[in-house]
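Novice: Predicted model and sequence below, questions to follow.
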Amino acid sequence: MAIKVAWPQQPNKFEDLNISEKLMENLILKTLKRDGKMDELTIARKLKVSALAIREIIQALKKRKVLDTPMPLQYYMTELGKQMEKEAYEEDAYVGPCPVNFQEYADMVNNLSKYEERASLEEVKDAFSKMTLQMEFMLKVKEAYNAQRPILLYGPPGNGKSLISNSLHALLKNNILVPFAFEFNSMIVNFYDPAYHKIVRDPSKDQMASQATNSGPLMQMSAKKDDPRWLEIKPPLVIVGTEFRVKDFDIAYDGKYEAPPLVKANNGIFVVDDLGRQVDSHVDILNQFIYPLEALECIIRMAGGSRLIVPYKQRLFVSTNLNKEEIIDDAFNRRLLYQFKIDKPAPDTFVEIFVNVLRGRWDHIPEEQAVEFGKKLMDWYKEDNRILRGSDPRNLSIMLDATLMEGETMDLTMDLFRRVYDIFPMADAGTEKQYGM
């Protein structure tokens, strides 16, 4: 049963935003630079704050001749304001919603982690419904998931390690709240990432929709509302691969600060894929997880030397198609209580996968015909001394589909099947040695 966490309320006083006045001034100036002159309510909407919370700051900027109003209620920057904006932008190029205080973000992560639920075997079976897996394996996976300990998936490529990670992600039922950004030591760290964070609800859009029926702007500004600096999202699934570096554990700075992938994965799943194929030493990468796994917090460095302690509330999956005995040292191996070899499928299982894929794409193909073609495919594999890969049926179906014209129905013949098979790139049996199989 999904849990709904109470949403923070939008502050109507500046001091309740828990950020520095200088930071807010800079945000207002950078927003005016980006979007041009606008009124107080529009500035507040851009920053996703109450107009009441920034009114005094805007009036103070006007009094200091940083802002002017050439048109009634329309603010724009004076020459002094433009110079201040330029200096602020050079220091931090972030322009967007007002950040939340870092401690408020940390408290939210810890609060959400209390609602983690254990998955039942039926839920695991449902999550893996598109895969052909043994019941014993699903039982072990259920226990590994419920233990909330790191999981190692290893074995030759093309047999479902990534698909298993995605399926386990489906077991996370509770949506979470994340900020657009958080503030630490007067620095704004961008957090929301559309690559990982799938929005379920954005309260600022709710508020905009309600404006047409509201009786007036003052009522809108003072009514209690959900804080639009937060978003409701699906639990994140953050996957990093060969591009991942040790420096990616730190807060990056490229004109503005960006939270690292590890932090963006909080209350979700973090996957290190293709371990051992990164430019940096895989041992150095794994060592970065030892303290967080024990302390349930991680020490993140920022450009300039600042450090912050961030909650570590996530599930870690590690995947490799190299020989695990050669890349996992003893210190980390002791922390990998759950290790699953995702091996090539047995011949009967391979035929079953092929039949399911074929009929899933073209349901007009009779099951008997699909089985016949699956068995013929197994004969060809044996003749050519090729190894079985769980992904081969899917890839073969893609190549079969490519033979069709738009709107054409598949008429699967043995001649067509053989033609596609002959050009399909497959590994031979000699490649198994490199995976320690």
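Specialist: Happy to help now that I have it.

Novice: Need the residues that contact stretch 289-307.
Specialist: 150, 184-185, 187, 189, 249-253, 257, 260, 262-263, 308-313, 316, 331-332, 335 (C-beta atoms under 8 Å, 6 or more residues apart in numbering). The way it works is simple: take the backbone N, C-alpha and C, and place the C-beta from them, glycine included.

Novice: Can you flag which of those residues belong to strands?
Specialist: If you go by DSSP state E, these have 184, 187, 189, 252-253, 257, 308-311, 316 in strands.

Novice: returning to what we had before: buried subset of the contacts of stretch 289-307?
Specialist: Buried members of the contacts of stretch 289-307, scored by 16 or more other C-beta atoms under 10 Å, are 150, 184, 187, 189, 249-252, 257, 260, 262-263, 308, 310-313, 316, 332, 335.

Novice: Tell me, how many residues neighbour residue 141?
Specialist: 24 (other C-beta atoms under 10 Å).

Novice: I'd like the numbering to begin with 42 instead of 1 from here.
Specialist: Shifting the count to begin at 42 puts that one at residue 182.

Novice: Spell out the secondary structure type for it.
Specialist: Here residue 182 is helix, with the state taken from DSSP: H, G, I helix; E, B strand; the rest coil.

Novice: State the distance from the closest residue to it other than its chain neighbours to residue 172.
Specialist: Using C-beta to C-beta, 6 or more residues apart in numbering and skipping the chain neighbours, the partner closest in space to residue 182 is residue 165 (6.2 Å). Residue 165 sits 11 Å away from residue 172, going by C-beta to C-beta, to the nearest Å.

Novice: ok, those two, which is more surrounded?
Specialist: residue 165 (24 against 15).

Novice: Would you mind stating the distance between the nearest residue to residue 356 once chain neighbours are set aside and residue 355?
Specialist: Nearest-residue entry for residue 356: residue 310, 4.8 Å, with adjacent residues in sequence omitted and distances by C-beta to C-beta, 6+ apart. From residue 310 across to residue 355, the span is 6 Å (C-beta to C-beta).

Novice: got it, and residue 160?
Specialist: 16 Å.

Novice: who's more crowded, these two?
Specialist: When neighbours are counted by other C-beta under 10 Å, residue 355 comes out ahead of the other of residue 160 and residue 355, with 23 against 19.

Novice: Now do the phi/psi pair for the more buried one.
Specialist: Dihedral pair for residue 355: phi -160, psi 160, per degrees, to the nearest 10.

Novice: Could you measure from it over to residue 143?
Specialist: 18 Å.

Novice: and if you look at residue 182?
Specialist: 35 Å.

Novice: Ok, residue 390 next?
Specialist: 49 Å.

Novice: Looking at the two now, which is surrounded by more residues?
Specialist: Shown here are residue 390 and residue 143; by other C-beta under 10 Å, residue 143 has more neighbours (20 against 15).

Novice: phi, psi of the closest residue to residue 211 other than its chain neighbours?
Specialist: Leaving aside its sequence neighbours, residue 211 sits nearest to residue 168 (C-beta to C-beta, 6+ apart; 4.5 Å). Note on residue 168: its backbone torsions stand at phi -60, psi -30 [degrees, to the nearest 10].

Novice: what sits against residue 168?
Specialist: Applying C-beta under 8 Å, 6+ apart to residue 168 gives the contacts 160, 208-209, 211-212.

Novice: If we use 7 Å, what do you get?
Specialist: Contacts of residue 168 were listed using C-beta atoms under 7 Å, 6 or more residues apart in numbering, and they are 208-209, 211-212.

Novice: Compare those residues and tell me which has the most neighbours.
Specialist: Highest neighbour count within these: residue 209, with 24 neighbours (other C-beta under 10 Å).

Novice: my read: it touches residue 185, true?
Specialist: No. Checked against C-beta atoms under 7 Å, the pair residue 209 and residue 185 is beyond contact range at 8.6 Å.
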